[in-house]
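*Asks:* 3D model of this:
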Amino acid sequence: MQRRPEKEVMDDEANALAYARADFEQPHQQFIDFLRQRLGPVTPRRVLDLGCGPADISLRLARCFPHCQITAIDASRPMLALAHRAVNAAGLGSRIHLQHHYLSVRAPWQEGAYQLIVSNSLLHHLDDPQALWQTLAHHHERGTEIFVMDLLRPSSEAVARALVEHYAADEPRLLQDDFYNSLLAAYRVEEVQEQLWAAGLSLTVEQVSDRHLIVYGDVQSSQ
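*Replies:* Numbering: from 1, shown residues only. As a prediction, the model looks like this:
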């Protein structure tokens, strides 16, 4: 099945709110579990979260690594408004620094070295995936750990609809439609491998479920 791109930035307030209210406990906890399993005993002092959305992953990272500072960026102002509420409600405003930015190689959020750069569910939104990979290639230092998790494009529209029915049957129709469109916009493992090769990043790509893939590794082995 050919990839069908979707809108890059979720700047509609209704969509952002539906996403923030959805039950992502299982995949978001898997994000943390896979990160710890694949990267080992990392103890980052500074973390960069690209495409943070409503900040659920940032919050989980802050709890997982209690001594780290997190810079979390997103291009959607409605998402960031929800993120600010969540971060403030959790009392973590002094450790999670939310910023409105689009991905850019010459980025204003670069303030010293990051020991960990992460991204969750951003890649499938990008019509040009090099926006993510070139940002990673530019904003790492030797030894920086990278961990990306994203959707995996299924083999057909029928399989995509079955995944929506299985995992989002109890969610609002708006979120079901977003999930379906995101599945069609996602990349395949071999496509991501080609993207990384083009960016000069020697990271591992692994399918971890019927709808997710992960990309991970350290910059020391990515040159």
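
*Asks:* all contacts plus neighbour counts: C-alpha atoms, from now on.
*Replies:* Fine.

*Asks:* Check the burial of Arg36 by counting its neighbours.
*Replies:* By other C-alpha atoms under 10 Å, 14 other residues sit near Arg36.

*Asks:* Can you pull out the residues in contact with the one helix or strand it maps to?
*Replies:* Taking DSSP states H and E as the definition, Arg36 sits inside helix 25-39. Taking C-alpha atoms under 8 Å, 6 or more residues apart in numbering as the criterion, the residues outside helix 25-39 that touch it are Val42, Asp56, Ile57, Arg60, Leu61, Cys64, Asn120, Glu145, Phe147, Met149, Tyr216, Gly217.

*Asks:* Show the end-to-end separation of stretch 165-172, please.
*Replies:* 12 Å (C-alpha to C-alpha, to the nearest Å).

*Asks:* Sticking with Trp197, tell me its helix or strand.
*Replies:* helix 189-199.

*Asks:* buried ones in that helix?
*Replies:* Residues Val189, Val192, Gln193, Gln195, Leu196, Ala199 are the ones in helix 189-199 that count as buried (16 or more other C-alpha atoms under 10 Å).

*Asks:* try stretch 27-34
*Replies:* His28, Phe31, Phe34.

*Asks:* Closest one to Cys68 out of the residues you listed, please.
*Replies:* Using C-alpha to C-alpha, Phe31 is the member of those that sits closest to Cys68, with 17.5 Å.

*Asks:* what about that closest one, distance to Leu80?
*Replies:* Phe31 sits 20 Å away from Leu80, going by C-alpha to C-alpha.

*Asks:* swap in Ile117?
*Replies:* In terms of C-alpha to C-alpha, Ile117 sits 19 Å off from Leu80.

*Asks:* now do Ala158
*Replies:* 34 Å.

*Asks:* Compare neighbour counts for the two and give me the winner.
*Replies:* Per other C-alpha under 10 Å, whichever of Ala158 and Leu80 has more neighbours is Leu80, with 24 against 10.

*Asks:* and the lowest-mean-pLDDT helix or strand in the chain, how far out from the chain's middle?
*Replies:* Ranking every helix and strand in the chain by mean pLDDT, DSSP states H and E puts helix 13-21 at the bottom, with a mean of 76. Relative to its chain's centre, helix 13-21 lies at 17 Å (C-alpha atoms, centre = their mean, to the nearest Å).

*Asks:* Kindly report the same for stretch 190-209.
*Replies:* 15 Å.

*Asks:* Using PDB, write down the CA coordinates of it.
*Replies:* Presented in PDB, the C-alpha positions along stretch 190-209 are these (Å, rounded to 0.1, in the frame of the first residue of the first chain):
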ATOM      1  CA  GLU A 190      12.700  -0.500   5.000                       C
ATOM      2  CA  GLU A 191      11.700   3.100   4.200                       C
ATOM      3  CA  VAL A 192      13.000   4.300   7.500                       C
ATOM      4  CA  GLN A 193      16.200   2.400   6.900                       C
ATOM      5  CA  GLU A 194      16.700   4.200   3.600                       C
ATOM      6  CA  GLN A 195      15.900   7.600   5.300                       C
ATOM      7  CA  LEU A 196      18.600   6.900   7.900                       C
ATOM      8  CA  TRP A 197      21.100   5.900   5.300                       C
ATOM      9  CA  ALA A 198      20.500   9.200   3.500                       C
ATOM     10  CA  ALA A 199      20.900  11.100   6.700                       C
ATOM     11  CA  GLY A 200      24.200   9.300   7.600                       C
ATOM     12  CA  LEU A 201      22.700   7.800  10.800                       C
ATOM     13  CA  SER A 202      23.500   4.200  11.500                       C
ATOM     14  CA  LEU A 203      20.700   3.500  13.900                       C
ATOM     15  CA  THR A 204      18.700   0.300  14.500                       C
ATOM     16  CA  VAL A 205      15.200   0.100  13.100                       C
ATOM     17  CA  GLU A 206      12.900  -2.600  14.700                       C
ATOM     18  CA  GLN A 207       9.200  -3.500  14.300                       C
ATOM     19  CA  VAL A 208       7.900  -4.000  17.900                       C
ATOM     20  CA  SER A 209       4.200  -4.500  17.400                       C
END
